[in-house]
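Chemist: pasting the sequence and the predicted coordinates here, then a few questions.
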Amino acid sequence: MTTGSEVVSTIVKKWREHPPSSYCLKVDNFKQLEKFTTSSDDKYESRLFSSGGYNWKLIVYPKGNKKDNGKGFISMYVEIDSKSFISEPQCEVFAELIFFVYNKKENKYFTIQGKLLVIYICFIHIYFSHHSSVYFMYSDVEVKRFNALKTVWGLRQVLPFDSFNNPENGYVFEEDQCEFGVDVVVPSPLTSWEILSFNKKLQKPKFHWTVKKFSQLKEHEYTSNKFSVGERNWVLKLYPKGYSKEEDKCLHI
């Protein structure tokens, strides 16, 4: 049996009833937001908010981040305050990002999050038969690594702009209002740990193998009797004229 694995980055979209806990941006007039971002590199940057002991900004591109292949979509990103790395330039912050868009029609929050889909592939070889393959899959949260060289992470295609901007779909409501949000989940630093060590003295850690009439040995390989050390069984293998049959110079053990 042989095995392999493949990790695929994917996007998970679902509905959630409770709002984001890290930051929420409520927009009174989406059309005005579009006009504002036209003269500000197509994006709106929120004020700083705190989560997990660090300061962050939510960045929204109402018509998509064209530089990141997000044209025609709502694009959303999170940026960590670069001051976090001034005193510790080698510091890294790991965070899980969940983006939110409120839907008035559903009275729920549309959430979108990066996931890692891990696929394990097992190839089973059966005697007198062709091999078969078995697939096992599981998903895990995609955690982003923020550092001095990479301070921004996000999603370039959260929602198609036309779907978002259609009042019938519920994302824009009551005189052009809308609402965006994000959860930035930073794991707590490790505070509890232990070292478990076993220093057992091995009984009978030595083994002697006497080979008689060495000059008369003719076989390519010889194997000793089994001996036990460390609750495991072992053997010695002796190659009088070398491990490879082409070698005829060295003794290999």
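Modeler: Happy to help now that I have it.
Chemist: contacts and neighbour counts: CA atoms only from here.
Modeler: Noted.
Chemist: would you list the phi and psi of Asp68?
Modeler: Phi and psi for Asp68, reported as degrees, to the nearest 10, are phi -120, psi 30.
Chemist: meant to ask about Ser82, not that
Modeler: phi -60, psi -20.
Chemist: neighbours of it, how many?
Modeler: By the criterion of other CA atoms under 10 Å, Ser82 has 18 neighbours.
Chemist: quick check: it touching Leu149?
Modeler: No - taking contacts as CA atoms under 8 Å, Ser82 lies outside contact range of Leu149: 9.7 Å.
Chemist: contact partners of the one helix or strand Asp162 maps to?
Modeler: According to DSSP states H and E, Asp162 maps onto helix 161-165. Here helix 161-165 makes contact (CA atoms under 8 Å, 6 or more residues apart in numbering) with Pro62, Lys63, Gly64, Gly72, Phe73, Ile74, Asn169, Gly170, Tyr171, Val172.
Chemist: closest one of those residues to Trp193?
Modeler: Each of those was scored against Trp193 by CA to CA, and Ile74 proved nearest at 42.9 Å.
Chemist: what helix or strand does the closest one sit in?
Modeler: Counting by DSSP H and E, Ile74 is part of strand 73-80.
Chemist: can you name the element that comes right after that strand?
Modeler: Counting by DSSP H and E, the next helix or strand C-terminal to strand 73-80 is strand 93-103.
Chemist: chain neighbours aside, what residue packs nearest to the spatially most central residue of the chain?
Modeler: In the chain, the residue lying closest to the centroid (CA atoms, centre = their mean) is Glu142, at 4.5 Å. In this structure, Glu142 finds its nearest non-sequential neighbour in Lys115, 4.7 Å apart by CA to CA, 6 or more residues apart in numbering.
Chemist: show me what the one you found is bridged to.
Modeler: As for beta bridges, Lys115 partners with Thr10, Val141 under DSSP bridges.
Chemist: next, count neighbours for it.
Modeler: For Lys115, the count of nearby residues is 17 (other CA under 10 Å).
Chemist: right, and Asn169 touches Lys105 too?
Modeler: Yes - with contact defined as CA under 8 Å, Asn169 counts as touching Lys105 (7.0 Å).
Chemist: sorry, back to before: I figured the residue nearest to Glu142 hits Leu155, correct?
Modeler: No - look at Lys115 against Leu155 with CA under 8 Å: they stay out of range, at 11.9 Å.
Chemist: read off the pLDDT value for Met76.
Modeler: Looking at Met76, its pLDDT reads 97.
Chemist: ok, it - contacts?
Modeler: If you count contacts by CA under 8 Å, 6+ apart, then Met76 has Leu58, Ile59, Val60, Tyr61, Phe99, Gly154, Leu155, Arg156, Gln157, Val158 around it.
Chemist: nothing else from me, thank you.
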